[in-house]
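[1] no sequence on this one, just coordinates:
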């Protein structure tokens, strides 16, 4: 099983090292020691906590959709050039970029600071991991 140092766990969850230490002290996360004596959080436990922390995006309207990847964020950039627009969202620690028609961007009244949800339907998602990933 993978284990993560306190600083790695904090980075993965988008919180400070102190927050992770507080969760450990409060019994929310458990720690063990690695082979050099550093505190580490079990990866499976960290994954469960990450899911618990994530806010479900409220579905709007009476529409069912097949896309399961929904990211709520703030618009950080709207660049309209001719018929096309590039819109950037900051969804927590993640930047999501959408290309759409300029007409759609205008109809949606997208502007810096407005809230939006990026809905992603991908038939191919590539995952990466460190070559020397701990196990």
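    Alright, I've got the coordinates. The structure presented is a predicted model; accordingly, all values stated were derived computationally and were not measured.

[2] who's sitting farthest from the centroid in the chain?
    residue 82 (31.3 Å; CA atoms, centre = their mean).

[3] for that residue, give me phi and psi.
    Main-chain dihedrals, residue 82, degrees, to the nearest 10: phi 70, psi -120.

[4] residue 72: how many residues sit nearby?
    15 (other CB atoms under 10 Å). C-betas here are computed from N, CA, C, even on glycine.

[5] okay, now the unreliable bits of the chain?
    Low-confidence segments of the chain (pLDDT under 70): 55-61, 133-135.

[6] packing partners of the helix ranked longest in it?
    If you go by DSSP state H, the chain has its longest helix at helix 43-53. When contacts are defined as 3 or more CB pairs under 8 Å, 6 or more residues apart in numbering; DSSP states H and E, helix 43-53 sits against strand 3-5, helix 6-13.

[7] of the ones you listed, which is nearest residue 97?
    helix 6-13 (22.1 Å; CB to CB).
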